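Chemist: What follows is a predicted protein model with its sequence.
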Amino acid sequence: MNNLGSQKNLRALVETSMLVAIGFVLSFVSNLIGLRMPQGGSFTLLSMLPILVIGLRHGLKWGLGGAFTYSCLQMLMEFWPPPTATVAGYISVVMLDYVVAFTVLGLSGFFRNRRYGLLYATPLCLFLRFFSHFISGIIIWNIYAGELPVWLYSLIYNGSFMGFELVTTMAVGAVLCKTAPFLFTVKAQ
């Protein structure tokens, strides 16, 4: 690999690592101040924004890689065991509530080099994350639905914290797109 390619990859690696760390710290702070839901999930302080930025700055490969790394950190930080003792239940939680739910944030890479790409990526990626949690709520966490239809319980439960994530990330993202668009692109060297 030539020197320019090495510098570009090193920059992407360093920025991805820093953005994953920032997202993790924001999520950790949210948990410290008690913004957690009773059966998992939380209202985070814009922790999705840095993860979305990875794909916007460096493309799909780096976005998915950084988001997958973030999913593993989330699982280590706050794994919620399913209300079942089966291997399938644990695998389902790992895949739907962590690996898939957070790795889809890397799809922001599809909007690389697009003006206001963050404003397109945020609703798509956060909806896909919500959908993964929604399916998990139906097939794994359904015991907590009580008298509600399972789909409605999952919609309300997951929609509450994911709706907050969407609104806050879109609001701050809109301000940043207008005031600091350079945050979402990498200049050619």
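Modeler: Happy to help now that I have it.

Chemist: And for the helix or strand that contains Gly55, what's in contact with it?
Modeler: Using DSSP states H and E, Gly55 falls within helix 48-58. For helix 48-58, contacts defined as CB atoms under 8 Å, 6 or more residues apart in numbering pick out 12, 15-16, 19-20, 22-23, 26, 62-64, 66-67, 70, 102, 105-112, 117-118, 121-122, 125-126, 129, 165, 169, 172-173, 183-186. Using the backbone N, CA and C atoms, a C-beta is placed for each residue, glycine as well.

Chemist: Sitting in helices, which of those residues do you find?
Modeler: If you go by DSSP state H, those have 12, 15-16, 19-20, 22-23, 26, 62-64, 66-67, 70, 102, 117-118, 121-122, 125-126, 129, 165, 169, 172-173 in helices.

Chemist: Turn the buried ones among the residues you listed into a named PyMOL selection, would you?
Modeler: Remark: buried members of the ones in helices among the contacts of helix 48-58, expressed as a PyMOL selection using 16 or more other CB atoms under 10 Å:
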select buried, resi 12+15+16+19+20+22+23+26+62+63+64+66+67+70+102+117+118+121+122+125+126+129+165+169+173
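
Chemist: what bits of the protein have low per-residue confidence?
Modeler: For the chain, the stretches with pLDDT under 70 are 1-4, 31-43, 188-189.

Chemist: And the residue nearest the centre of the protein?
Modeler: Phe102 (4.1 Å; CA atoms, centre = their mean).

Chemist: I'd like to know how far His133 sits from Ser108.
Modeler: 18 Å (CB to CB, to the nearest Å).

Chemist: More neighbours: the two, which one.
Modeler: Relative neighbour count places Ser108 above the other of His133 and Ser108, with 30 against 23, counting by other CB atoms under 10 Å.

Chemist: so what's that one up against?
Modeler: Ser108 neighbours (CB under 8 Å, 6+ apart): Ile51, Leu52, Val53, Ile54, Gly55, Leu56, Gly63, Gly117, Leu118, Ala121, Thr122, Cys125.
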